[in-house]
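In: the following comprises the amino acid sequence and a computationally predicted model.
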Amino acid sequence: MLRISVTMLLCLATSAFAQLSPTAEQVKDLEAKFQSERAKAIEQKATNTALERADKYAARGSTALAANSLREAAAAFHEARWLIPALPADLPANVSRVFGNARLRHADVVYSIAYSPDGSKLASASKDGSVRIWDLGSGRELRVYHGHSDPVRAVAWTANGSLIASAGGKEIHFWNPETGAPVKKLTDHTANVQSLAFRPDGKALVSGGDDKKLLVWSVETGKVQHDLGAQQDGVQSVAYSPNGKLIASLNKAGTLSVWNPEATDPGARMPMSVSAHSDSAAGVAFTPDSASVATCGDRLAKIFAGP
């Protein structure tokens, strides 16, 4: 089921891509990327049979490009790149070939995904303890982060794309998506962290977990800026408002709370709290104007007017 969900997301991304009106230079760039990735596949001993379908789509792309049918050409090269055999980024040196399709695959359940700000990459977090970054132009695995020793239940990307936060067990790790190098480790939670969200300016992160904690962290220092107090139950999902002023949290009891973490008056810190779901609360998100909050759980999706 999780594999289908990821496939559906990629179908939506491909559909949106196909609706763009690319320039001739952009299509030629896709063609060049196809040729480069094809050459790399041959270096990795991909067979002509394995490349046959990719070559057919690329040929369609070249024909469409010559006819100045740019949208058709872009879609064909996009499809061709996805069909080129690709090896995982962390393939052991003693393994020479992988049978089957390694794209968008983990060794266990995928708990969380996050798009890069420009929509060109996808980060996926899994029970297998890894976070993987995928190139959505080709489906290739770009990088694997193995810093966690527990299942990774949440992943988030900063708005400028320079930092990823991932939560495995009680720990939150900041790391560089370009190199995979660790940056900071946050350790104030005492049970599994279930959800993460960066403030739009990238300077703060909110986290919630099974320890009933809702914490706001300074990204620069890695220290807790605001402890929003013991929650009614474990926190399942958190979100920052697009204007960066509010935080929404949804706990296992189904309670939706909206917070103003910067409020100096304790009575104004939680301007809204409602029972949103009877059980199985799952997710929370703000509308783009920050005026309403959507939740999902117990087979229902709901929208609430904000405070």
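Out: That came in fine, so what should we check first? As the structure is a prediction and not an experimental result, all values here were calculated from the model. Numbering: from 1, shown residues only.

In: pick out the residue nearest the middle of the chain.
Out: Against the mean C-alpha coordinate of the chain, by C-alpha atoms, centre = their mean, the closest residue is residue 114 at 1.1 Å.

In: residues contacting that one?
Out: 122, 123, 155, 156, 157, 164 (C-beta atoms under 8 Å, 6 or more residues apart in numbering). Yep, even glycine has a C-beta here, placed from its N, CA and C like the rest.

In: and the strands in the stretch 101-250 of the chain?
Out: 110-115, 121-126, 131-135, 141-145, 152-157, 164-168, 171-175, 182-186, 193-198, 204-209, 214-218, 224-227, 235-240, 247-251 (DSSP state E, counting those that start in this stretch).

In: any idea of the mean pLDDT in the last one?
Out: Read that as strand 247-251. For strand 247-251, the mean per-residue pLDDT is 97.

In: next SSE after that strand?
Out: Later in the chain than strand 247-251, the nearest helix or strand by DSSP states H and E is strand 255-259.

In: quick check: the gap between the nearest residue to residue 152 once chain neighbours are set aside and residue 167.
Out: Excluding the flanking residues, the one nearest residue 152 by C-beta to C-beta, 6 or more residues apart in numbering is residue 125, at 3.9 Å. For residue 125, the distance to residue 167 equals 8 Å [C-beta to C-beta, to the nearest Å].

In: and of the contacts of residue 114, the nearest to residue 85?
Out: residue 122 (19.5 Å; C-beta to C-beta).

In: quick check: the gap between the closest residue to that closest one other than its chain neighbours and residue 32.
Out: Among residues not flanking residue 122 along the chain, residue 134 sits closest, at 4.7 Å (C-beta to C-beta, 6+ apart). Going from residue 134 to residue 32 by C-beta to C-beta gives 20 Å.
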